[in-house]
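In: Fold the stuff below for me.
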Amino acid sequence: MWSRPPNIGRLPDVLACPLPYNGPMSALQGAPPVPFSAAGLVLEALAAHDFARLAAALEDDVLLSALLPRGFVEWHGAAAVCGAFAQWFGNVEAYEVTDASVGQVGGLLQLRWRLRVEAARLGEGPKVVEQHAFAATGPTGRIERLSLLCSGFWSEHVDG
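Out: Below is the predicted model of the structure:
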């Protein structure tokens with residue numbers, strides 16, 4: 001009977017004895033957990049439509065770097081950051097947080113929120129806006145750097 005040589009039909013990187021499918025795994029050592037309490041304070045302030053409350057989550061010398069539809073803008077200091085949120089979302093006739101989430105990417109907090117707002121300055125009808133942010137926290141657990149991307153205000157999509 002004919003038998004083939006042991007290396008025919010096998011790739012050189014194929015193990016002679018394959019590893020078991022459900023074998024033990026080693027744990028990866030990643031970034032330390034971030035303090036999610038700061039993210040909770042941000043989302044609570046947004047939900048309450050109380051932008052002065054954002055200051056509780058921010059270091060006094062916080063830096064907000066934002067990519068807005070009009071371009072890249074930065075604000076320095078907790079009062080300036082709170083003022084930016086009040087300018088965007090403060091003077092409206094209707095306001096609702098429709099979705100929000102929090103996560104972690106490496107050593108950063110990841111935050112996302114979607115709002116539905118109505119304001120004469122934004123045009124007729126409700127508008128939706130979504131913002132994604134990544135936050136670095138300092139030794140106190142408060143946010144010292146916030147990088148934000150904003151969709152801008154868009155007319156709400158209606159099927160039909």
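In: where along this protein do the helices fall?
Out: 36-48, 78-89 (DSSP state H).
In: got the angle for the first one vs helix 78-89?
Out: What that stands for is helix 36-48. 40 degrees (axes from the mean of the first three to the mean of the last three Cα atoms, to 10 degrees).
In: what's in contact with helix 36-48?
Out: 51-54, 56-57, 85, 89, 97, 100, 102, 104, 109, 111, 113, 115, 135, 137, 141-143 (Cβ atoms under 8 Å, 6 or more residues apart in numbering). Heads up, the C-betas are built off the backbone N, CA and C, glycines and all.
In: Quick check: buried residues in that helix?
Out: Ala38, Ala39, Leu41, Val42, Leu43, Ala45, Leu46 (16 or more other Cβ atoms under 10 Å).
In: and what of the last one?
Out: Within helix 78-89, the residues scored as buried using 16+ other Cβ under 10 Å are Ala78, Val81, Cys82, Gly83, Ala84, Phe85, Trp88, Phe89.
In: Could you do stretch 106-117 as well?
Out: Leu108, Leu109, Gln110, Leu111, Trp113, Arg114, Leu115, Arg116, Val117.
In: Local confidence estimate at the last one?
Out: pLDDT recorded at Val117 is 97.
In: dump the residue contacts of it.
Out: Val117 neighbours (Cβ under 8 Å, 6+ apart): Phe89, Val92, Ala94, Tyr95, Glu96, Pro126, Lys127, Val128, Val129, Phe153.
In: Start from the N-terminal end of the protein and give the strands.
Out: 58-68, 71-76, 94-105, 108-118, 127-137, 143-150, 154-155 (DSSP state E).
In: what's the longest one packed up against?
Out: Under the contact criterion of 3 or more Cβ pairs under 8 Å, 6 or more residues apart in numbering; DSSP states H and E, strand 94-105 touches helix 36-48, strand 108-118.
In: what about Ala52, distance to Lys127?
Out: 23 Å (Cβ to Cβ, to the nearest Å).
In: let me fix that: Ser65
Out: 24 Å.
In: of those two, who's got more company?
Out: Lys127 (19 against 15; other Cβ atoms under 10 Å).
In: Help me confirm that that one comes into contact with Phe153.
Out: Yes: using Cβ atoms under 8 Å, Lys127 is in contact with Phe153, at 4.0 Å.
In: picking that back up, with pLDDT and distance to Gly71 added, can I get the contacts of Val117 in a markdown table?
Out: Conversion of the contacts of Val117 to a markdown table gives the following (pLDDT from 0 to 100; distance: Cβ to Cβ, whole Å):
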| residue | pLDDT | distance to Gly71 |
| --- | --- | --- |
| Phe89 | 96 | 19 |
| Val92 | 95 | 23 |
| Ala94 | 96 | 28 |
| Tyr95 | 96 | 25 |
| Glu96 | 97 | 27 |
| Pro126 | 95 | 25 |
| Lys127 | 97 | 20 |
| Val128 | 97 | 21 |
| Val129 | 98 | 16 |
| Phe153 | 97 | 16 |
